[in-house]
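In: What shape does this take:
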Amino acid sequence: MATGRADRPLVILGPTASGKSSLAVATAEFIGAAEIVSIDSMAVYRGMDIGTASPTGSDQQQVPHHLIDVADPSEEFTVGVFKRLATAAIDAIRARGNTPILVGGTGLYLRAVVDDLNLPGRYPEAAAELDAEPDTEALHTRLASLDPLAASRMEPSNRRRVLRALEVTIGSGSPFSSFGPGLEEYGPTPFVMVALRWPQAVLDERIATRYQQQIEAGFLDEVRHLAAGGVGRTAAQALGYKELLAHLGGECSLEEALATAIRRTRRFARRQQRWFRRDPRINWMDAPVTAAEIVALWDERRINPNG
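Out: So this is what the prediction gives:
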């Protein structure tokens, strides 16, 4: 039944707590001969299963999963490493005669694979020097003088993007914008992308409910174990983990930590939705969605990709 689909892999997207992971498993089982590739920047870390809502052991027994638990929390896992591993996983899935289904909510990881982004290298010395400057808007002004095009493509307050653009521009000696057309370009792609859409109030409630379920499942113990083993800068900023680490450090009560995590996650979900809405290639579906509905749209786009 997977025949004809592997040439147009499916991507199931959505904000956090939208139910995309369980839908991906159901879809893989519905079509048969399918494997899932996670596109979640935090699910790559070992020992962070509860807080990242990684697929359960049962889910992974039902359907093979890739790019989950591939790095230690003390490591800094880059988008370049992700692209290399994800591309290799997709090629291997196809070689087995199976269909890749990508699922997640990390927009940059998605674009790296779907659009085969030309990703520049890392320049740790330049990055360390730039990170010492606390004024993000001053850094953006510096970027504007070195690479006006790159500066025009990002908000002056987006520290992560500004730092990365400056790091590459200074470290490589070439403008950051020279490494590709930028994330504002949405060219043709063989991937069929579907995103789940919930009413905002419903999604907000799903986020709060999931945190309660995670606490009951042992999230706090998971964070305590991570803290004992050492957590890298990226993993320590993960949704929920940052707040629970603060609680374990005596900075706030558990209730305060959860309230902050819920607020932060709701804001993050809104940013995810804005990111995905900019991509005209994504097909939006009102949740809840069944596997049969996903497959029907997938096959329709395979037959008539411009439809």
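
In: When you work out contacts or count neighbours from here on, use the C-alpha atoms and nothing else.
Out: OK.

In: which residues are in contact with the helix-or-strand element of the chain with minimal mean pLDDT?
Out: Scoring the helices and strands of the chain by mean pLDDT, DSSP states H and E places helix 233-236 at the bottom, with a mean of 78. Here helix 233-236 makes contact (Cα atoms under 8 Å, 6 or more residues apart in numbering) with Met42, Tyr45, Pro73, Ser74, Glu76, Phe77, Tyr241, Lys242, Leu245.

In: The first one falls within a helix, correct?
Out: Which is Met42. No: counting by DSSP: H, G, I helix; E, B strand; the rest coil, Met42 is located in no helix; its state is coil.

In: how close does it get to Leu163?
Out: 21 Å (Cα to Cα, to the nearest Å).

In: neighbour-wise, which of the two wins?
Out: Met42 (25 against 21; other Cα atoms under 10 Å).

In: Tell me the pLDDT of the more buried one.
Out: Per-residue confidence at Met42 stands at 92 (pLDDT).

In: now swap in the one 3 residues further on and tell me
Out: The predicted local distance difference test score for Tyr45 is 93.

In: got it, and Pro305?
Out: For Pro305, pLDDT reads 54.

In: quick one: strands adjacent to the helix or strand that contains Val103?
Out: Taking DSSP states H and E as the criterion, Val103 maps to strand 99-104. Strand 99-104 has the following strand partners under DSSP bridges: strand 10-13 (parallel), strand 34-39 (parallel).

In: quick one on the thing from earlier: can you turn the buried part of the contacts of helix 233-236 into a PyMOL selection?
Out: Restricted to buried positions by 16 or more other Cα atoms under 10 Å, the PyMOL selection for these reads:
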select buried, resi 42+45+73+74+77+241+242+245
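
In: Could I get the buried residue list for the helix or strand hosting Ala151?
Out: Following DSSP H and E, one finds Ala151 within helix 148-152. Across helix 148-152, burial judged by 16+ other Cα under 10 Å covers Pro148, Leu149, Ala150, Ala151.

In: From the residues you listed, pick the one nearest Val81.
Out: Taking Cα to Cα as the measure, Val81 lies nearest Ala150 of the buried residues of helix 148-152, at 22.7 Å.

In: Would you confirm that that closest one contacts Phe176?
Out: Yes: between Ala150 and Phe176 a contact is recorded at 6.4 Å, counting by Cα atoms under 8 Å.

In: Overlap in contacts, those two.
Out: With Cα under 8 Å, 6+ apart, Ala150 and Phe176 have common neighbours Ala165.

In: Which element is encountered next along the chain beyond the least confident helix or strand of the chain?
Out: helix 241-248.

In: For Leu143, see how far away Arg153 is.
Out: 11 Å.

In: same question but for Asp115, I mixed them up
Out: Relative to Leu143, and taking Cα to Cα, Asp115 is found at 25 Å.

In: and if you look at Pro190?
Out: Distance from Pro190 to Leu143, by Cα to Cα: 34 Å.

In: Over to Asp204?
Out: 36 Å.

In: Can you give the domain ranges for this protein?
Out: Using automatic domain parsing, the domains assigned to the chain come out as 10-115+190-198+280-303, 124-179, 200-271.

In: What's the mean pLDDT across stretch 69-81?
Out: 88.

In: gap between the two ends of that stretch?
Out: Using Cα to Cα, the two ends of stretch 69-81 sit 14 Å apart.

In: who's sitting farthest from the centroid in the protein?
Out: Ser145 (30.9 Å; Cα atoms, centre = their mean).

In: In terms of helices and strands, where is it?
Out: Judged by DSSP H and E, Ser145 forms part of helix 136-146.

In: by contact count, what packs against that helix?
Out: Where contact means 3 or more Cα pairs under 8 Å, 6 or more residues apart in numbering; DSSP states H and E, helix 136-146 is packed against helix 148-152, helix 159-172.

In: Let's have those helices in TSV, adding distance to Ala236.
Out: Below are the helices and strands packed on helix 136-146 laid out as TSV (distance: least, Cα to Cα, whole Å):
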stretch	distance to Ala236
helix 148-152	28
helix 159-172	15
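
In: nearest to Leu23, of the ones you listed?
Out: Per Cα to Cα, nearest to Leu23 of these: helix 159-172, 31.2 Å.

In: Can you name the next helix or strand after the closest one?
Out: strand 192-197.

In: Residues touching the helix or strand following that next one, excluding its own?
Out: Toward the C-terminal end, the helix or strand that comes next after strand 192-197 (DSSP H and E) is helix 200-216. With contact meaning Cα under 8 Å, 6+ apart, helix 200-216 is reached by Thr16, Ala17, Ser18, Ile50, Gly51, Leu258, Ile262, Thr265, Arg266.
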